[in-house]
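*Asks:* fold the following for me, if possible:
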Amino acid sequence: MPDSLPLLHSLIDSSAPPADGRLDFKQTMTVLNLHSVFDIIRLSRTEFIEQVARHCDDDAGQAYDNACGYAAQLEFLHREQASLGDDETRHKRSPDSETDADPTYAALFKENWSAFCEASSIAALDSPAAYLRALHLFAEQVEKTGKGTRERITLAIRRPTLKDMVIDNSSVYRQLPLLTIVNETLTEHLQIHLTQNSGIYKSKSVNEVLAGTRYPFDLPFDLAHQQCLLGLSGNKPGLGELNYRLSLSLPLGQLQSNAYGKVYQEAYEAQRLLSGLSPEQQTLLTEPFWSVSKSDFKAHYDSDEAALNKLAHFMQQTGLTSAQMDELLARGKYRPRPSKNILLAQMASLYGAYFVNGTENDSSTRLDLKTNDNGQVELLNTTAEKFDRLQRMIRLKRWLEVPYIQLDTLILSARRCEDSPLPTFAINDNTLRVLGVYRYLNRRYGLQAEEFSALLYHLPVHAVGNSDSLFDRVFNRGALNEQSLQLDDSTLNLNATDIATQTTLYQICAALGLSNTNESLGFVAKRTQQISGHLKKDLTTLSAFYRQARIASLFGLSVMECAYLAEMLGTANSSEHWVKPSLRFSGSNLPADFLDVLMQMDWAVNWLKSNGSTVQQLRHQLFLSEKPQNSAITQQLEQLNQLIDNFKKNIFNLEEIEALTLPKLKSKAKATANPKLPSASQTWRSLIAQQLLQHSDLKALEQGVLHVISSHIELTTDTHTAQQQKDITIKTLKPLLSSAYKRIQPVTEHIMRVFKDSSHLPDSSDLLKLRLKHVARQFVNALAKPRSDYELKNLLLMIPDAESALQLPLTREALNIFLLKPHWLDNHNGPHSMLKLTLNTLYLFQQFNHCITTYAVTQDVLFSYFAVSNPRTREK
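*Replies:* Next comes the predicted model:
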């Protein structure tokens, strides 16, 4: 049989037969799957020699050199034949040849263009595909040059899918993130493991397994949660913050429900989301602690309990260094030291390691390190529960990137801030809420963990390393006359004039950025004394001072502005939260607590800034400030007060009603033993007085009173008898009505002149009736109340030109429509209720104007939408 590869087999003269167990050169080439000289030169010289030497004793180096020579000759012959074919050789031109065409490259050199490709083609020698192929070959060559003894992790192992990749335009030019390649490679290997252990993992996907696996400590990893965090990073609102942005309920309605932050779930879920922890991470932190009979060391440590007692093994399994271990246990150079300016009774031996030890006062079983007889360092006083606490603390520190001691203080402060803390010192729903609100305030305002701990409970009085405690950094940073502020539990009297007390007050003012006035330190001290009952130079009092001042400075407000803003928001027990904060029962959403108040204040401050307003301006606009109003409003208030005085002077008194024999009122209007409810005479007086102010003629007045009788007295079921009752009641009231009508008529006419709109806008007659109706109610309510501008502010909305006098951000036409249809502005308003000048109303006015200016729509378009979305209700 003739040799099919004569060139390959002629690379070396192998006339001698091979030794026993060895192959000749021809057989060796077959075994190595080398079929041409080009297959040989793809290998390096060293690699070829090593491979041949395993099977053959011939001179492989000479064969490789010959192969390189033959390959070079073949390449030269190929180029020569391709450029100068027999039928395309050039001929000399004779003088007689035609010279019509100019000499060009195509005419002079007859190239075989079918053997070439475009420069942008992936088949080009300098294309990205060619570069990647060359790079792949080079990587394979480099992998074979190593001299190490360990098993090589080759490209085929690291990227097993690379050899099967199809080279086309999509794979060459499509941009693929490196992370995607890494994920695909890891997923393929993990999927093999899941398939081999299908009995353990069932039919779970890789992402589901990673989200539920707890070792190593980098896990659990929730891909969907991480994608949300990354997608909402930067300047975008994060998880939890989105809930507050999307909340349909804002903290300005003074409602009892804690609805701000609620979308589909309660507001406390939004605060948990602010922590940035995935659902599985939250579950890991809050699940029941291990016990002797029920523990899970293998899943969390990949080790047994006995081995973990050895420090070296514990550090290996957790990835901690010796310094981090000392910090975790609050020992060595990380052992906290108390401030020199506090009493000995306030020192705590477990400070910085409360959670991992699971106790607040018993230091006899504190976690520590000891060296055994073999010279090995072991963990001391360990239990299954403490190992569980350790792994939770290690993970939480890595997730939040907060030092162990500050994190422990934050968890402890959250526990001590609870109204009803559980006996076991554990991380619960309130702890997660605290972590979430802290992380939000840290990102937004730069609030530190120690500072937030002080807002929740007390100022930390322990220090670590070369730094001072937060108490000393606040109150003794620049000691006045080199005299530090010491906590000795002595009484703090702001009115004392002795030098020691005045020095203390100046130290407090300098530390908190306050002034020694009634509007600053005096205001803070007064609120503190009202809630706590005393003022002392103790940690509780100074922490309350710090809390009020720090929250105010956090939001860029003075202490009085901060208190006023909280009061306008209607936050429940805001003064107590500022002095003695508390957290509600874990897992509930009511009532609003300290964390809710902080989030509500954050919204209000941001709204004021975006609106270009201040707390004082808002209070002035809502008639809450003692600052006098402008002349137009002052004149209108004087006019309204005069009308009320005239109304009170001319209306009939209770004795006139009591002298009449009137039928019983319905049960809902009857007199009761409750002194807060009006008597029957007072109710009759109020009902008739409203009709007197609403009707301009006597006949209409009688019709109005007849309607009141039909609605408010107990009538028999017999129609004839019921009509007789009405007639008798009208006859009884007629003299009183006639007399009262004559006295009240001038007041009614004056009211008509004040509230009548002369602008000829649509619905002016209906609006006048509505105004008189609400004015009548307000005037009747004023019969039993002293004069108050705050009570009359709602009537100012009814007066023509109210939009300019009150500086409202909407037109008169828009205001009139909202007066007629208050439920268009706020769905909490009834169709026939009175629109009141409140913080909620001002905000909605501003948002209505914002919608018009931002989205370039007219108010007519918006009102058309309101008309469609709010079908007409039956008029009462």
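*Asks:* what ranges do the helices span in the stretch 401-550 of the chain?
*Replies:* For the stretch 401-550 of the chain, the helices defined by DSSP state H, counting those that start in this stretch occupy 404-417, 429-445, 449-456, 470-475, 499-512, 521-532, 539-554.
*Asks:* let me see the mean pLDDT of the first one.
*Replies:* Over the span of helix 404-417, the pLDDT mean works out to 95.
*Asks:* picking that back up, nearest to Asn650, of the helices of the stretch 401-550 of the chain?
*Replies:* In terms of Cβ to Cβ, the element of the helices of the stretch 401-550 of the chain nearest to Asn650 is helix 521-532, at 43.7 Å. To be clear about C-beta, it is placed using only N, CA and C from the backbone, and glycine gets the same treatment.
*Asks:* could you pull out the buried residues of the closest one?
*Replies:* Across helix 521-532, burial judged by 16 or more other Cβ atoms under 10 Å covers 521-525, 527-529, 532.
*Asks:* please apply the same query to stretch 210-221.
*Replies:* 210-212, 214-215, 217, 219-221.
*Asks:* I'd like the residues you listed as JSON lines, with pLDDT appended.
*Replies:* Listed next are these as JSON lines, based on pLDDT from 0 to 100:
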{"residue": "Leu210", "pLDDT": "90"}
{"residue": "Ala211", "pLDDT": "91"}
{"residue": "Gly212", "pLDDT": "91"}
{"residue": "Arg214", "pLDDT": "93"}
{"residue": "Tyr215", "pLDDT": "93"}
{"residue": "Phe217", "pLDDT": "94"}
{"residue": "Leu219", "pLDDT": "91"}
{"residue": "Pro220", "pLDDT": "94"}
{"residue": "Phe221", "pLDDT": "93"}
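*Asks:* quick one on the thing from earlier: wait, which of the buried residues of helix 521-532 is closest to His9?
*Replies:* Checking the buried residues of helix 521-532 one by one against His9 (Cβ to Cβ), the nearest turns out to be Val524, at 101.0 Å.
*Asks:* and that closest one, how far is that from Ile508?
*Replies:* 9 Å (Cβ to Cβ, to the nearest Å).
*Asks:* so what sits against both of these two?
*Replies:* 514, 545 (Cβ atoms under 8 Å, 6 or more residues apart in numbering).
*Asks:* what helices or strands is the longest helix along the chain leaning on?
*Replies:* Identified as the longest helix of the chain according to DSSP state H is helix 719-755. Packing partners of helix 719-755 (3 or more Cβ pairs under 8 Å, 6 or more residues apart in numbering; DSSP states H and E): helix 631-650, helix 680-694, helix 698-712, helix 764-781.
*Asks:* just say which of those is most tucked in.
*Replies:* Mean neighbours per residue, mean count of other Cβ atoms under 10 Å, is largest over the helices and strands packed on helix 719-755 for helix 680-694, with a mean of 20.
*Asks:* distance between that one and the chain's centre?
*Replies:* Here helix 680-694 is found 53 Å from its chain centre; the criterion is Cα atoms, centre = their mean, to the nearest Å.
*Asks:* got it, and stretch 595-610?
*Replies:* With Cα atoms, centre = their mean, you get 13 Å for stretch 595-610.
*Asks:* contacts for that stretch?
*Replies:* Contacts of stretch 595-610 (Cβ under 8 Å, 6+ apart): 244, 250-252, 258, 260-261, 267, 271, 433-434, 437, 440-441, 444, 551, 555-557, 562, 565-566, 568-569, 571, 574, 577, 583, 592, 614-615, 618, 843.
*Asks:* what do you get for stretch 847-858?
*Replies:* 809-810, 814, 825, 859, 862.
*Asks:* next step: the residues you listed restricted to helices.
*Replies:* Those of the contacts of stretch 847-858 lying in helices (DSSP H): 814, 825, 859, 862.
*Asks:* on that earlier part again, can you go through the contacts of stretch 847-858 and name the buried ones?
*Replies:* 809-810, 814, 825, 859, 862.
*Asks:* this structure: strands as residue ranges?
*Replies:* Applying DSSP state E to the chain gives strands spanning 337-338, 368-371, 377-380, 462-463.
*Asks:* what helices or strands is the first one leaning on?
*Replies:* Translated: strand 337-338. Packed next to strand 337-338, using 3+ Cβ pairs under 8 Å, 6+ apart, are strand 462-463.
*Asks:* picking up where we left off before, quick one: closest of the helices of the stretch 401-550 of the chain to Gln703.
*Replies:* So among those, helix 521-532 is nearest, using Cβ to Cβ, at 54.0 Å.
*Asks:* list the residues that contact the spatially most central residue of the chain.
*Replies:* Centroid check for the chain by Cα atoms, centre = their mean gives Glu241 as the closest residue, at 2.7 Å. Going by Cβ under 8 Å, 6+ apart, Glu241 touches 274, 440.
*Asks:* having no further points to raise, I will conclude here.
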